[in-house]
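Asker: No letters, just coordinates:
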């Protein structure tokens with residue numbers, strides 16, 4: 001990572017990492033993130049409009065169907081879901097699967113806040129590159145996308161079954177149907193129970209800034 005040290009008058013600012021920023025994601029984490037991204041993408045592609053599908057052999061007119069139940073919506077959702085992983089950052093101060101999230105990490109957010117308050121913060125790169133990911137993180141994000149594509153191919157049939165069965169869609173989340181009940185049935189699924197709580201992160205951040213370790 002770019003982080004080297006931070007100069008603050010009369011004290012040093014310390015950062016506690018909950019996880020190795022460069023460790024590879026587990027199968028559980030990839031499935032969990034894929035289910036979350038699919039769910040969010042389905043919500044974004046949720047128009048109430050009615051569309052016409054192509055003619056069938058025994059139909060004189062195109063078949064009309066709700067977009068929210070159509071194959072078109074499914075295809076559009078699956079097509080680019082793994083690209084969404086490139087917008088993630090590694091939040092190394094968070095544990096387990098919570099380390100992957102969009103937006104600036106809490107660590108970098110803290111550094112920017114210190115910088116904006118006039119504290120002298122010294123990194124290995126210019127200010128305009130603070131938010132640029134390191135080569136290691138960039139490679140990691142690409143690898144996560146690759147794992148997503150691999151998981152998507154592996155579970156595509158199950159996703160289709162879930163999608164086209166409205167009763168199942170109403171009764172089971174994608175995370176349970178795809179991950180807990182199928183992809184992770186004989187694997188560690190503990191990451192599915194990890195929930196992000198901003199209050200805990202804020203408490204840790206406050207505790208770190210109050211330290212005076214040399």
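Answerer: Looks like it came in fine. As the structure is a prediction and not an experimental result, all values here were calculated from the model.

Asker: low pLDDT regions in the protein?
Answerer: Within the chain, the ranges that satisfy pLDDT under 70 run 1-19, 21-22, 54-60, 104-108, 112, 122-136, 199-214.

Asker: helices or strands up against the longest helix belonging to it?
Answerer: Ordering each helix of the chain by length in residues (DSSP state H) puts helix 135-164 first. Judged by 3 or more CB pairs under 8 Å, 6 or more residues apart in numbering; DSSP states H and E, helix 135-164 is in contact with helix 27-44, helix 71-80, strand 88-90, helix 166-171. Where you see a C-beta, it was placed from the backbone N, CA and C, and this is true even at glycine.

Asker: Residue 157: which of the ones you listed is closest?
Answerer: In terms of CB to CB, the element of those nearest to residue 157 is helix 71-80, at 11.9 Å.

Asker: That closest one: which residues count as buried?
Answerer: Neighbour counts over helix 71-80 (16 or more other CB atoms under 10 Å) mark 73, 74, 76, 77, 78 as buried.

Asker: Could you identify the most distant pair in those?
Answerer: Comparing every pair within the buried residues of helix 71-80 by CB to CB identifies 73 and 78 as the most remote, at 9.7 Å.

Asker: Nearest spatial neighbour of residue 65, chain-adjacent residues omitted?
Answerer: In space, residue 65 comes closest to residue 53 once its chain neighbours are excluded; the distance is 5.9 Å by CB to CB, 6 or more residues apart in numbering.

Asker: circling back to that earlier point, by how many degrees do the longest helix of the chain and helix 71-80 diverge?
Answerer: With axes from the mean of the first three to the mean of the last three CA atoms, to 10 degrees as the criterion, the two stretches helix 135-164 and helix 71-80 enclose an angle of 160 degrees.

Asker: Quick check: buried residues in helix 135-164?
Answerer: By neighbour count, and taking 16+ other CB under 10 Å as the criterion, the buried residues in helix 135-164 are 137, 140-141, 144-145, 147-148, 151-152, 155, 158-159, 162-163.

Asker: And what about the nearest residue to residue 68 once chain neighbours are set aside, helix, strand or coil?
Answerer: The shortest distance from residue 68 to any non-neighbouring residue, by CB to CB, 6+ apart, is to residue 46 (5.6 Å). The local conformation at residue 46, judged by DSSP: H, G, I helix; E, B strand; the rest coil, is coil.

Asker: what do you get for residue 93?
Answerer: Remark: residue 93 carries the secondary structure label coil [criterion: three-state DSSP].

Asker: Next: residue 51.
Answerer: strand.

Asker: Confirm for me that it is in contact with residue 72.
Answerer: Yes. Between residue 51 and residue 72 a contact is recorded at 6.5 Å, counting by CB atoms under 8 Å.
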